[in-house]
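Engineer: need the 3D shape of this:
(chains A and B)
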Amino acid sequence: MSGFLGVYRREMLSLWMTPLAWVLLVVFLLLQGGIFYAIVVHFSSLADLAVETGPIEAYFGQQSVFLLMTLLLLCPALTMRTFAEERRSGTIETLLTAPVTPAGVVLGKYAAVLTTYVALWAPTVLYVLILRKTGAVDPGAVLASYIGLFGIGASYLALGTLTSALSKSQLVALLLAILVQFGLFVLGVGEYVLPAGFLRDVAAHVSMASQMEEMARGIVDLRRLVFDASVAVTSLFVTARVVDSWRWG
Amino acid sequence: MIEVDHLTKDYGTVVAVRDLSFRVGEGEIVGFLGPNGAGKTTTLRILAGFLGATEGTARVAGFDIVRESLAARSKLGYMPEAAPLHPELRVREYLAFRAEIKRVARRERTKAIERSLEQAKVTDVAETPIAHLSKGYRQRVALADALVSNPPLLILDEPTAGLDPNQIVEVRRLIRELGQSHTILLSTHILPEVEAVCDRALIVARGKLVGEGTLAELKAARSASALEIVARGDQATCEAAASATPGVKRVSASVLEGESALVRLDVELGAGEEAGTVAERLVAALVSGGAGVQRVNAARASLEEVFRELTAREPEPEPTPAAQGGEA
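Structural biologist: Okay, the predicted model is just below:
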């Protein structure tokens, strides 16, 4: 774990000193704001106020496909630089000749993008606070929703870190990460189109959309989180091996 | 400080370093000299722990670079060839990051950063974003990075590459200064650089150590062995006068292109002759023969000639068939 804190701090500094994080923040909040606004307007036009769900559940749950679509772009954009940029500019050479371990470097970079991801979501807590002024909000469902989002982010960002280590070009890293995540997403859609059986069970298990739908109803299924965590851990482990393998290139 | 034994690096397509062995003692400034593609960068990268060797071992400050990699890496400051830096950071922020991952104790960090800024003479740009710095400054920031943990050993890959002549002089002076308190291994393909800063040179070509010499030996090998004279006068007279001068082995004369009144004499000196003395005699002979001497140049030995000179003394190289291939 040698080098973790130093790498983490440098990554945070670089992320927030360059326009990247700020541009992502603005685009992300505009998108989320738009989606949330549309959902609230929709609910406010409903004549029957005795519906089962509210706008919060819709935002995090049934309509989560919008939210997941933005993550498909957001996460790869956050991770594309991590290793690709260092390899292109050559700073990887100064980094790896310092007394650091591959695990420390990989985790430091990963923790920085994960922190940034959380920071991007933080302002959306305001939506919940605003809604509380006009109606009841189930705090358990909100908490569960954020846990679900964290899980999805943790796995997507780890995959993105891996693709960044696999390429010297940020663009290739970005496209590769989008491809992998989109693949996971599409696999999840299989839940609705595949005939009942093993394959559909697998699809249901990896489906990010149904993960969010469950979480938005306040159900925290540990299997979902175990899946997210295993994707993250596996990706990071492979990334550390990839970093170590450069020595033998 | 550095012990390298039978180091080989095979990239698969090329063998960049083959069976290289050498020692660098404590306090020495050693130049790692060789033409481009000789395997200098590969060797330094292996020593710095960035690359693994295919065969052989290396120890840095007593630590094996593979088995005790972290300990070895914490004993050295490495400056890669192009001096890569993070352009978005300010110099002080960058050095703070480097000090942290090089495990400089938190309490001593500020002091260590100040010291390295001063040693590398970049204190005046400490608050400047690296993106705004000139090449010369970046090179020195990279040097400050190598110095920030105050390691006993510095490994510098072409520290003067890409600098203008003033900056080169400045960096060389800096390296000499640092040599008083650090062991330094630096690579270069410029012979005068070794003469300017090093105590000793290791000469590599095609991944092999082809020669090793002290500064005096290098100087001797590099002393002029030929003179080039341009004189105004008759070609035959000049040639005769030059040939008759003691210390001259061979003369070839030709009329200078576009200047029919000027004669160019290429003079080869006899073995052991001192170029200055012979030049003096030659000028006197030519002038008394009625010619006007316009220019005298000492033709210095090229790097390749020095290689030949230095390697000729040691019955070392038996050219292996693979050695003819191109190198990375």
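Engineer: from now on I want contacts and neighbour counts done on CA atoms only, so please keep to that.
Structural biologist: Fine.
Engineer: who's in contact with the residue nearest the centre of chain A?
Structural biologist: Centre of chain A computed as the mean C-alpha position; nearest residue by Cα atoms, centre = their mean is residue A:153, 2.1 Å away. Neighbour list for residue A:153: A:71, A:75, A:114, A:117 [criterion: Cα atoms under 8 Å, 6 or more residues apart in numbering or on different chains].
Engineer: could you work out the end-to-end span of stretch B:6-19 for me?
Structural biologist: The separation between the terminal residues of stretch B:6-19, taken as Cα to Cα, to the nearest Å, is 4 Å.
Engineer: and if you look at stretch B:203-218?
Structural biologist: For stretch B:203-218, the separation between the terminal residues is 11 Å (Cα to Cα).
Engineer: buried set for that stretch?
Structural biologist: For stretch B:203-218, the neighbour count (16 or more other Cα atoms under 10 Å in any protein chain shown) marks B:203-213, B:215, B:218 as buried.
Engineer: just the ones of those residues in strands?
Structural biologist: Applying DSSP state E to those, the entries found in strands are B:203, B:204, B:205, B:208, B:209, B:210, B:211, B:212, B:213.
Engineer: close to chain B: what parts of chain A are there?
Structural biologist: By the criterion of Cα under 8 Å from any Cα of the partner chain, the positions of chain A lying close to chain B are A:2-3, A:5-7, A:9-10, A:13-14, A:17-18, A:89-91, A:93-94, A:96-100, A:246-249.
Engineer: filter those down to just the buried residues.
Structural biologist: Restricting those to buried positions leaves A:2-3, A:5-7, A:9-10, A:14, A:89-91, A:93-94, A:96-100, with burial counted as 16+ other Cα under 10 Å.
Engineer: wait, what's in contact with the residue of chain A found nearest chain B?
Structural biologist: For chain A, the nearest residue to chain B under the criterion Cα to the nearest Cα is residue A:247, separated by 4.3 Å. With contacts taken as Cα under 8 Å, 6+ apart, residue A:247 has the following neighbours: B:50, B:51, B:52.
Engineer: returning to what we had before: how about TSV for the buried residues of stretch B:203-218, with pLDDT added?
Structural biologist: Listed next are these as TSV, based on pLDDT from 0 to 100:
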residue	pLDDT
B:203	86
B:204	86
B:205	81
B:206	82
B:207	85
B:208	86
B:209	85
B:210	79
B:211	77
B:212	80
B:213	77
B:215	73
B:218	70
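Engineer: show me what from the stretch 101-250 of chain B comes close to chain A.
Structural biologist: Neighbours of chain A within the stretch 101-250 of chain B, by Cα under 8 Å from any Cα: B:101, B:102, B:103.
Engineer: tell me which of those fall in strands.
Structural biologist: Filtering these for strands - DSSP E - leaves nothing at all.
Engineer: need the buried ones from those residues selected in PyMOL.
Structural biologist: Listed next is the PyMOL selection for buried residues among those, using 16+ other Cα under 10 Å:
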select buried, chain B and resi 101+102+103
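Engineer: and the residues of the stretch 101-250 of chain B next to chain A as CSV, adding pLDDT?
Structural biologist: What follows is those, written out as CSV (pLDDT from 0 to 100):
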residue, pLDDT
B:101, 93
B:102, 93
B:103, 92
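Engineer: that older thread, near chain A, which of the contacts of residue A:247 show up?
Structural biologist: Of the entries in the contacts of residue A:247, those that also sit close to chain A under the rule Cα under 8 Å from any Cα are B:50, B:51, B:52.
Engineer: what's the helix or strand for the last one?
Structural biologist: Looking back up the chat, that one is residue B:52. Taking DSSP states H and E as the criterion, no element holds residue B:52; it sits outside all helices and strands.
Engineer: what's near enough to touch it?
Structural biologist: Remark: with contacts taken as Cα under 8 Å, 6+ apart, residue B:52 is in contact with A:247, A:248, B:9, B:46, B:66.
Engineer: pull the most distant pair out of those.
Structural biologist: Greatest spacing in these, by Cα to Cα: B:9 and B:66 (14.0 Å).
Engineer: those two: who's more crowded?
Structural biologist: residue B:9 (24 against 18; other Cα atoms under 10 Å in any protein chain shown).
Engineer: what helices and strands are in contact with the host helix or strand of the more buried one?
Structural biologist: When elements are defined using DSSP H and E, residue B:9 is found to belong to strand B:2-10. Helices and strands touching strand B:2-10, as assessed by 3 or more Cα pairs under 8 Å, 6 or more residues apart in numbering or on different chains; DSSP states H and E, comprise strand B:15-24, strand B:55-60.
Engineer: immediately after the longest one, which helix or strand?
Structural biologist: Meaning strand B:15-24. For strand B:15-24, the succeeding helix or strand toward the C-terminus, using DSSP H and E, is strand B:29-33.
Engineer: by how many degrees do that next one and strand B:15-24 diverge?
Structural biologist: Using axes from the mean of the first three to the mean of the last three Cα atoms, to 10 degrees, one finds that strand B:29-33 and strand B:15-24 are set 160 degrees apart in direction.
Engineer: what residues does strand B:29-33 touch?
Structural biologist: Among residues not part of strand B:29-33, those counted as contacts by Cα under 8 Å, 6+ apart are B:24, B:40, B:179, B:183-191, B:194, B:197-204.
Engineer: can you do 6 Å?
Structural biologist: Residues outside strand B:29-33 that contact it (Cα atoms under 6 Å, 6 or more residues apart in numbering or on different chains): B:183-189, B:194, B:198-203.
Engineer: burial measure for residue 26, as a count.
Structural biologist: Using chain A here. The number of residues packed near residue A:26 is 12, by other Cα under 10 Å.
Engineer: ah, no, chain B please
Structural biologist: Under the neighbour criterion other Cα under 10 Å, residue B:26 is assigned a count of 15.
Engineer: phi, psi of it?
Structural biologist: Backbone torsions of residue B:26, given as degrees, to the nearest 10, read phi -60, psi 140.
Engineer: tell me the contacts of it?
Structural biologist: With contacts taken as Cα under 6 Å, 6+ apart, residue B:26 has the following neighbours: B:1, B:183.
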